[in-house]
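J.: Sharing a sequence plus its predicted fold:
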Amino acid sequence: MALIVRFRKLCFVEPVRFQSYESQKCEKKEEIVAPPTKNGLEINNKKTKRGPRELSCIDYCCWMIGYMCTIWWLLFFLYHCLPATLLGFQVPESPGTRLKREGLIAQHPVVLVPGFVTGGLELWEGKPCAEGLFRKRLWGGTFSEMFKRPLCWLDHLILHNETGLDPPGVRVRAVPGLAAADYFASGYIVWAVLIENLAKIGYEGKNLFMAAYDWRLSFQNTEIRDQALTRLKSKIELMYVTNGYKKVVVVPHSMGAIYFLHFLKWVELSPLMGGGSGPGWCSKHIKAIMNIGPTFLGSPKMVTSILTTEGKDVARFRAMLSGVLDSELLGIQTVEHVLRVSRTWDSTVSLLPKGGETIWGNLDWFPEEGQVCVCSKEIPANLDK
């Protein structure tokens, strides 16, 4: 907390430079001794040496970010380069290695469905400010363009207010393949560990697929613009046939759970409204669905995200750097621009809490009221003997 208070003082209080009497006397003496010059060029060459340049608030911000990045990369380097046995720790056996040792091999094809904001987005057509960014990631990866040209970056992530699709002259599409959501950013793992462990028991491109989609769009708009539901249906049918008519196991995450639930309803509807595959398609092609952190009842933090963009993680970041994000030091009003963009993402509506007071309670009552949570586990008496 003391560091945050000090940082805010540096941002809003102008630093004062103190000079001693002797230094002022020396500067006056240099001005008196300096001979008159004939032209401006000689004056520039014989200027007295200036003291160290004062650091502004932006300089302090850059230094702080530099220190944080340096420490992060140093720890990241040590974690991946130094062997664990050097520090006396035993390297744990990965689940994939253990399953392979036990004789388990790949059986059913697997489809991974990423969730909200975890899938990468790349640029296919943009405005003049996005010159040189063809098929470069605008979302995910290093987020370098967010710092280089923030307003241009936001203008390409925004959607049309009426259609819910890309604005004219802009085409941003989901990154295809397993690379779409293996890492959200450098060092931020999403699906990479699961993919690696599945590969150890025999999974590869022919029986492992990432159903990437543009998570900004409404579920039906992913079909209208990209035919994402049709392509997912065709891919599941292809994996079913090419893997010995074995049913597919689907692993959705977060918003991907309700996105795939929408797909299950869409695929059996009539051709005018859906995939037109009939009521028996799911039982024929789907073996099991293993949801990871599904949002069937929505997410409470999405309410604050829509109203003020202050989700849990964003609120913490704003508390630390409020002097930068809420001022004109960087030339932009960050929160206002993020609100303008995120409110055009139709997918956020699907994450609003569902169930009403029965599920979430109200100001005077909550569902868990009266229930006793036992944290400790009691060992039965017969197991002590």
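T.: All right, it came through fine.

J.: Now for P167, how many residues are close by?
T.: 16 (other C-beta atoms under 10 Å). Glycine gets a C-beta too; all of them are placed from N, C-alpha and C.

J.: go on, D346?
T.: Around D346 there are 17 other residues, counting by other C-beta under 10 Å.

J.: so what pLDDT did it get?
T.: Looking at D346, its pLDDT stands at 93.

J.: I'd like to check which residues are in contact with it.
T.: By C-beta atoms under 8 Å, 6 or more residues apart in numbering, the contact set of D346 is L159, G164, R216, L217, S218, N221.

J.: try it again with 10 Å
T.: Neighbour list for D346: L159, T163, G164, L165, R216, L217, S218, F219, Q220, N221 [criterion: C-beta atoms under 10 Å, 6 or more residues apart in numbering].

J.: how about the CA coordinates for stretch 132-150, as CSV?
T.: The C-alpha atoms that make up stretch 132-150 are tabulated as CSV, following Å, rounded to 0.1, in the frame of the first residue of the first chain:
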residue,chain,number,x,y,z
GLY,A,132,1.4,-4.3,-41.6
LEU,A,133,-0.8,-6.3,-39.3
PHE,A,134,-2.3,-8.7,-41.8
ARG,A,135,-2.9,-12.0,-40.0
LYS,A,136,-1.2,-10.7,-36.9
ARG,A,137,-2.8,-11.3,-33.5
LEU,A,138,-4.9,-8.5,-32.2
TRP,A,139,-6.0,-10.5,-29.2
GLY,A,140,-3.8,-13.0,-27.4
GLY,A,141,-0.1,-13.5,-27.7
THR,A,142,2.0,-10.6,-26.6
PHE,A,143,-0.7,-7.8,-27.0
SER,A,144,2.1,-5.7,-28.5
GLU,A,145,-0.3,-3.7,-30.7
MET,A,146,-2.3,-2.6,-27.7
PHE,A,147,0.7,-0.6,-26.5
LYS,A,148,1.9,0.6,-29.9
ARG,A,149,-1.4,1.9,-31.2
PRO,A,150,-4.1,1.5,-28.6
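
J.: just checking, what packs against the helix or strand where V193 lies?
T.: Under the assignment given by DSSP states H and E, the secondary-structure element containing V193 is helix 192-200. Of the remaining helices and strands, those touching helix 192-200 by 3 or more C-beta pairs under 10 Å, 6 or more residues apart in numbering; DSSP states H and E are helix 95-101, strand 110-113, strand 208-210.

J.: winner for burial among those?
T.: With neighbours defined as mean count of other C-beta atoms under 10 Å, those peak in mean count at strand 110-113, which reaches a mean of 23.

J.: Would you list the strands that it pairs with, along with their directions?
T.: Based on DSSP bridges, the pairing partners of strand 110-113 within the sheet are strand 208-210 (parallel), strand 248-252 (parallel).

J.: Any idea how far apart the tips of stretch 150-164 sit?
T.: Between the opening and closing residues of stretch 150-164 we find a distance of 22 Å, counting by C-alpha to C-alpha, to the nearest Å.

J.: average pLDDT for the lengthiest helix in the chain?
T.: Here the longest helix in the chain is taken by residue count, with DSSP state H as the criterion, and it is helix 57-81. Confidence over helix 57-81 (mean pLDDT, whole number) is 76.

J.: how distant is that helix from the center of its chain?
T.: Shown here is helix 57-81, whose average C-alpha point lies 19 Å from the average C-alpha point of the whole chain (C-alpha atoms, centre = their mean, to the nearest Å).

J.: What is that helix packed up against?
T.: Other helices and strands packing on helix 57-81, by 3+ C-beta pairs under 10 Å, 6+ apart, are helix 2-12, helix 322-325.

J.: which of the ones you listed has the lowest average pLDDT?
T.: It's helix 2-12: among the helices and strands packed on helix 57-81, that one has the lowest mean pLDDT, namely a mean of 42.

J.: just for the chain, where's the confidence low?
T.: Confidence mapping of the chain against pLDDT under 70 gives the ranges 1-61, 80, 82-90, 310-334, 370-385.

J.: Domain boundaries for it, per the record?
T.: Following automatic domain parsing, one gets these domains for the chain: 109-289, 301-351.

J.: And the last one, end to end?
T.: Domain 301-351 has an end-to-end distance of 9 Å (C-alpha to C-alpha).

J.: same deal with stretch 278-297?
T.: Taking C-alpha to C-alpha, the span from the opening residue of stretch 278-297 to its closing residue is 28 Å.

J.: if we can go back for a sec, which residues belonging to the helix holding V193 are considered buried?
T.: For helix 192-200, the buried set under the neighbour-count rule, 16 or more other C-beta atoms under 10 Å, comprises L194, I195, N197, L198, K200.

J.: And for stretch 140-147?
T.: Counting neighbours by 16+ other C-beta under 10 Å, the buried set in stretch 140-147 is G140, G141, E145.

J.: Sweet, I'm off.
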